[in-house]
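Participant: quick one, structure for this:
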Amino acid sequence: MRKFLALISLAFIAWGVALSLSKAPFGEDKIVVGKHYLEKGTEETGAANIVTSVVVIYRGFDTLGEVTVLFIAALGLGAVLYTRRRSSERIEPSSLVLRTGCRFLFPLILLFGAYIFIHGHLTPGGGFQGGAIVASGFLLIYLGCPERRTQELRLGATESLGGLAFVVLGLVGLAVGGYFLTNFLPKGTFNSLISAGVIPLIYVAIGFKVGSELAGIMGNLMERTK
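Facilitator: The predicted model follows:
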């Protein structure tokens, strides 16, 4: 039975590879779609970063899937590593140099991460990149200042609000424009911070969600009792 299922899976993989290498995906239809993104993307979305237009607007439902996969991974890791923490556990305080460095660099890292996902529609970057930078700030806290711990409830609430905001923006676009994540807000002045309609709001939501999820994953790994 296993060999039969393996042969079926191999046949599907071979079929997919054959389709990807066939002429159809690289024909005129795909060229037309690519030209449409390049020629009409800025006009339709108002974003100076055309990659942002594709990721957030044209294939925004796929981005929702990516965020969902990250959420499931964080949830699964938390379930696997869950243990009862000992109330008598004592954490050795870090040195004065490390404590000072953490306190000085942590807000700067958060500020830089916020800058990245707020300006995602103007420059390379976005919600995932900015969220990863924010999570690196929490990693600094976990490694350099072990006596300081971020409350899991706050990270969970931030993650939930970020995901909820993303879904709500998508559903509002569906109700207004007829498809998920329609850019229903005014596009503003091109190449300025207040532009691109709903895209900056989406990236802010993704940034908070990704940052809190990655910080929660690192917290679960660091705080696992021995």
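
Participant: in the one helix or strand Cys102 maps to, what counts as buried?
Facilitator: Counting by DSSP states H and E, the element that carries Cys102 is helix 96-118. Buried residues in helix 96-118, counting neighbours by 16 or more other CB atoms under 10 Å, are found at Cys102, Phe106, Ile109, Leu110, Gly113, Ala114, Ile116, Phe117, Ile118. For glycine as for every other residue, the C-beta is placed from the backbone atoms N, C-alpha and C.

Participant: out of these, who's nearest Gly170?
Facilitator: For the buried residues of helix 96-118, the residue nearest Gly170 by CB to CB is Phe117; the value is 17.3 Å.

Participant: mind listing what the closest one touches?
Facilitator: Residues in contact with Phe117 (CB atoms under 8 Å, 6 or more residues apart in numbering) are Gly125, Gly126, Gly127, Gln129, Gly130, Gly131, Tyr203, Val204, Ile206, Gly207.

Participant: any idea which residue sits dead centre in this structure?
Facilitator: What sits nearest the mean C-alpha location of the chain, by CA atoms, centre = their mean, is Phe128, with 3.5 Å.

Participant: so what's that one up against?
Facilitator: Glu66, Ile206, Gly207, Val210.

Participant: between the helix or strand it falls within and helix 96-118, how many degrees?
Facilitator: Per DSSP H and E, Phe128 falls inside helix 127-144. Going by axes from the mean of the first three to the mean of the last three CA atoms, to 10 degrees, helix 127-144 is angled at 170 degrees with respect to helix 96-118.
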